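Visitor: Fold the following and give me the result.
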Amino acid sequence: MRAVEFFREHRVKIGVLLVTALLVFWLVIAFQRSILLLGDPEPVAKAIGAGYLLLPCIGAWALIRELLFGAQTQRMARQLESEGGLPVDDLPRTPSGRIVRSAADEAFPAYQAEVEADPESWRGRFRLSLAYDMAGDRKRARQAMRDAGKLYRQHGVGMAP
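Guide: So this is what the prediction gives:
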């Protein structure tokens, strides 16, 4: 029973670990193949190898960027939680567990007003990101979280509200 509880508690981290391991495996294979192609005497093979070398480089950059983004988001969430600043998850849900969109839309203006009142607050932008996510706007949620991260770094980690 402990294994099931552990999995439930850490399922996101386990998923990230598995996807990261698969991507690292692919990056190693792609890098190896590009080196083999670069070592081939044919100029066309060398050109393909040089082009193919870009794929693991771009993939490694994207992986590192996303892992750092996730780690920073988790640090911000932990800090907000310790301050009691995370929004309460009390919105109604559908039978499948999704938040009812109209309820999320009704709650959204309060978070938007918080950011408008204090645009330099990473805490407000973090909560706005959660509101966008609840409303189903993943693109804006991600951008608001990136903005929160920039403000978090600019104003110093762990600053009092």
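
Visitor: what residues are up against Arg153?
Guide: By CB atoms under 8 Å, 6 or more residues apart in numbering, the residues touching Arg153 are Gln72. The way it works is simple: take the backbone N, C-alpha and C, and place the C-beta from them, glycine included.

Visitor: Distance-wise, check it relative to Arg65.
Guide: Going from Arg153 to Arg65 by CB to CB, to the nearest Å gives 14 Å.

Visitor: What of Tyr132?
Guide: Taking CB to CB, one finds Tyr132 at 20 Å from Arg65.

Visitor: For those two, indicate the residue with more neighbours.
Guide: A count of neighbours by other CB atoms under 10 Å puts Tyr132 above the other of Tyr132 and Arg65, at 22 against 10.

Visitor: How confident was the prediction at that one?
Guide: Reported pLDDT at Tyr132 in the predicted model: 90.

Visitor: ok but it is inside a helix, no?
Guide: Yes - judged by DSSP: H, G, I helix; E, B strand; the rest coil, Tyr132 forms part of a helix.

Visitor: Would you map out the domains in the protein?
Guide: Per automatic domain parsing, the structural domains of the chain span 2-83, 101-154.

Visitor: Start and end of the first one, how far apart?
Guide: So the one you mean is domain 2-83. 30 Å (CA to CA, to the nearest Å).

Visitor: Farthest from the middle of this structure: give me that residue.
Guide: In the chain, counting by CA atoms, centre = their mean, Pro41 sits farthest out from the average C-alpha position, at 42.5 Å.

Visitor: did I read that right, it in a strand?
Guide: No - using three-state DSSP, the assignment for Pro41 is coil, not a strand.

Visitor: quick one: it and Gly49, what's the gap?
Guide: Look at Pro41 and Gly49: by CB to CB, they are 12 Å apart.

Visitor: what do you get for Ile35?
Guide: Computed as CB to CB, the Ile35 to Gly49 distance reads 7 Å.
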